[in-house]
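Colleague: Okay, structure incoming, though there's no sequence with it:
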């Protein structure tokens, strides 16, 4: 999405990616991109190409133009088109039969609408002039904001789009009500020396033009693929049992998130199996009033009033609730709801036992140092015993002390000693 506004940062700057300033032929950076699945298919014999093309401009603004030239354009070509006044430069995004589908979606017919024409394929001079015009957008937007503040106008200028021939500029703004910007237009025309056009957009259109990252971690839907902005009410959050917290339910535009409508139809279809929340369960102890519903587990909670039922909350399964309602319709009332209470089976979670002792935070304290010291002491003793000096000391001490008194000589040693004396 960077190609739509990459030339707005500094004058004469080029993006670090494709370096085409929004004129790349791949179409991968287009907002509201439409995949042409008919591009590789040949037309039937005798059938010509549809002469209307879809052209994209800044921030996903698209229009349809008639191709009366004999040149065949493909998606990604940069063309010069008619504008009022002068001409503009855009990128071809869609050709062929899918253009008819897009026109029918937007309720545009070639017969009832006089479509503007494509002039030619954009030349190098057109592209250079277009880049210079777009380089003025960033500074002119901030200057226009300062002018609106000086005139004390309650409006917010969010985006500026210069025409390729540098003769016209469209300023997009948001406001809570009607704004008299006639004086602002005079000041801006004197400052920029260009034709000024003001267009008011909503908060959702503003976030779609500016883009951004949502709370889900993905790019905003309004900036990528969402074309129609349906109204979102707080009832959509109530049906989905969401807490009415404006900080969590509101998007970057300040309105309720559009994604709240995505799963609403599935919730409404699932609620058809449940009885109405206004339906009471009649018992002999009193009437039970509905409190809440778990749509996924098919559980319903009912409250018995304190004067008759003792004031208790009863959990019932959907099938049991339907059974009680059928009894009430037939004129019967159960004694109480105790027989219909749904008991969920307790799931025995495996108890974790610390067998090895690896979960103790202090397992490296004290014990490790003591054992380490003992090991060091044993190693020192072994070194001393194995050293040659220690062997000499042991021999000297053994000669001085002689044999140990505690050790007794064997009879073989005595006989050997007697033989040595006789030989002497």
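Modeller: Nice, I can see it. Predicted model only: the values in this text are computed from it and were never measured. Numbering: from 1, shown residues only.
Colleague: Check the closest residue to residue 279 other than its chain neighbours and give its pLDDT.
Modeller: Leaving aside its sequence neighbours, residue 279 sits nearest to residue 325 (CB to CB, 6 or more residues apart in numbering; 6.5 Å). Backbone N, C-alpha and C define where each C-beta goes, glycine included. In this model, residue 325 is scored at 92, pLDDT.
Colleague: Equivalent analysis for residue 166, please.
Modeller: The model's pLDDT for residue 166 equals 90.
Colleague: Pretty sure it sits against residue 132.
Modeller: Yes: counting by CB atoms under 8 Å, residue 166 does reach residue 132; the two are 6.9 Å apart.
Colleague: for the residue nearest to residue 279, what are its contacts?
Modeller: Residue 325 makes contacts with 275, 279, 281, as judged by CB atoms under 8 Å, 6 or more residues apart in numbering.
Colleague: most neighbours, which of those?
Modeller: Comparing the contacts of residue 325 by number of neighbours (other CB atoms under 10 Å), residue 281 comes first, having 25 neighbours.
Colleague: Assign the nearest residue to that residue once chain neighbours are set aside to helix, strand or coil.
Modeller: Leaving aside its chain neighbours, residue 281 sits nearest to residue 288 (4.1 Å; criterion: CB to CB, 6+ apart). Following DSSP: H, G, I helix; E, B strand; the rest coil, the label given to residue 288 is strand.
Colleague: which residues touch residue 288?
Modeller: Contacts of residue 288 (CB under 8 Å, 6+ apart): 280-281, 302-304, 309, 314, 337.
Colleague: again, only this time at 7 Å
Modeller: Counting by CB atoms under 7 Å, 6 or more residues apart in numbering, residue 288 makes contact with 280-281, 302-304, 314, 337.
Colleague: Buried subset of the residues you listed as a ChimeraX selection?
Modeller: Buried residues within the contacts of residue 288, by 16 or more other CB atoms under 10 Å, are selected in ChimeraX with:
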select :281,302,303,304,314,337
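Colleague: Can I get the contacts of residue 288 in a markdown table including secondary structure?
Modeller: Formatted as a markdown table, the contacts of residue 288 follow (three-state DSSP):
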| residue | secondary structure |
| --- | --- |
| 280 | coil |
| 281 | strand |
| 302 | strand |
| 303 | strand |
| 304 | strand |
| 314 | strand |
| 337 | coil |
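Colleague: ok so, going back, give the bridge partners for the residue nearest to residue 281, please.
Modeller: residue 281, residue 304 (DSSP bridges).
Colleague: mind checking pLDDT for it?
Modeller: pLDDT for residue 288: 89.
Colleague: Quick check: which ranges of the protein have low pLDDT?
Modeller: The chain contains residues with pLDDT under 70 at 1-31, 111-113, 306-310, 342-344, 352-412, 414, 421-424.
Colleague: Pop the domain breakdown of it in here.
Modeller: With domains defined by automatic domain parsing, the chain comprises 2-130, 136-207, 230-272, 281-340.
Colleague: now stretch 87-95, how far from the chain's geometric center?
Modeller: 31 Å (CA atoms, centre = their mean, to the nearest Å).
Colleague: hmm, I was thinking of stretch 182-202
Modeller: With CA atoms, centre = their mean, you get 37 Å for stretch 182-202.
Colleague: Check stretch 291-303 too.
Modeller: Chain-centre distance of stretch 291-303: 30 Å, with CA atoms, centre = their mean.
Colleague: Next: stretch 104-119.
Modeller: The answer for stretch 104-119 is 36 Å, by CA atoms, centre = their mean.
Colleague: With stretch 128-146 instead?
Modeller: 31 Å.
Colleague: And for stretch 323-334?
Modeller: Centre-to-centre, stretch 323-334 and its host chain are 48 Å apart (CA atoms, centre = their mean).
Colleague: got the buried residues for that stretch?
Modeller: 324-325, 328, 333-334.
Colleague: Closest one of these to residue 230?
Modeller: Nearest to residue 230 among these: residue 325, at 34.9 Å, using CB to CB.
Colleague: So the closest one belongs to a helix, correct?
Modeller: Yes: counting by three-state DSSP, residue 325 is part of a helix.
Colleague: ok, the buried residues of stretch 323-334 vs residue 151, which is closest?
Modeller: The nearest member of the buried residues of stretch 323-334 to residue 151, counting by CB to CB, is residue 325 at 65.0 Å.
Colleague: so where do the strands sit in the stretch 201-350 of the chain?
Modeller: Along the stretch 201-350 of the chain, the stretches classed as strands by DSSP state E, counting those that start in this stretch are 281-282, 287-294, 299-304, 312-317.
Colleague: For the shortest one, name the packing helices and strands.
Modeller: Counting by 3 or more CB pairs under 7 Å, 6 or more residues apart in numbering; DSSP states H and E, no packing neighbours are recorded for strand 281-282 among the helices and strands.
Colleague: can you list contacts of that strand?
Modeller: So strand 281-282 is contacted by 287-288, 302, 324, 328, 333, 337 (CB under 7 Å, 6+ apart).
Colleague: Just give me the closest of those to residue 64.
Modeller: Scanning those for proximity to residue 64, where the rule is CB to CB, the winner is residue 302, at 58.3 Å.
Colleague: Count residues in the vicinity of residue 190, would you?
Modeller: Residues near residue 190, counting by other CB under 10 Å, number 8.
Colleague: Adding distance to residue 96, write the contacts of residue 288 out as CSV.
Modeller: What follows is those, written out as CSV (distance: CB to CB, whole Å):
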residue, distance to residue 96
280, 61
281, 61
302, 60
303, 62
304, 67
314, 63
337, 65
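Colleague: Can you tell me which of the contacts of residue 288 is closest to residue 158?
Modeller: Proximity of the contacts of residue 288 to residue 158 (CB to CB) peaks at residue 303, which lies at 49.8 Å.
Colleague: what sits against residue 188?
Modeller: 144, 147, 196.
Colleague: Provide the secondary structure category for it.
Modeller: State at residue 188, reduced to three classes by three-state DSSP: helix.
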